[in-house]
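*Asks:* Sequence plus predicted model, see below.
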Amino acid sequence: MKKVLVIDDEWEFVKDFSMALEMFGYEPFRAVDGESAFNAIETKKPDIVLCDYKLPDTEGDKILEKTKKDHPEIKFVMVTAYYDEVMEKRFRTLGADEVVFKPIVLADIEVLLAKLSK
């Protein structure tokens, strides 16, 4: 079972999204800020990270950059509500495997995760 870490400061979203991941056959882990995200990456060793850009104590691109530096094998999906081509290019340059814009469609995420799990 693939492990997926969901990082978002909206607890209800993280909780509901984790339930959907379980239905899709993944083992979800949750983080609501940068500190808990870095801890989960080191202790849980997820296969895939879905990370919101705006967090209370850091920005998602910092998590992306450190994760790809320390664990290049982890697939990383940056999630943001702010569509900006320059920002998307920056995320990809830092190593994001995918960039997803909110609102998130669960069926699309299921397909994306299946692709990243190969």
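*Replies:* Cool, the structure landed. Being a predicted model, the structure only gives us computed values, none of them experimental. Numbers count the residues shown, from 1 in each chain.

*Asks:* Could you pull up phi and psi at Val86?
*Replies:* Per-residue torsions, Val86: phi -60, psi -40 (degrees, to the nearest 10).

*Asks:* Spatially central residue in this structure, please.
*Replies:* Leu50 (1.1 Å; Cα atoms, centre = their mean).

*Asks:* Which strand residues bridge that residue?
*Replies:* For Leu50, the beta-bridge partners are Val6, Val77 (DSSP bridges).

*Asks:* Quick check: it touching Val6?
*Replies:* Yes: the pair Leu50 / Val6 is scored as a contact, 5.2 Å apart, by Cβ atoms under 8 Å. No exception for glycine: its C-beta is placed from N, CA and C like everyone else's.

*Asks:* okay, and the common contacts of the two?
*Replies:* Shared contacts of Leu50 and Val6, defined by Cβ atoms under 8 Å, 6 or more residues apart in numbering, are found at Phe17.

*Asks:* on that earlier part again, run through the residues that contact the residue nearest to the centre of the chain.
*Replies:* Contacts of Leu50 (Cβ under 8 Å, 6+ apart): 4-7, 17, 77, 79, 100, 109.
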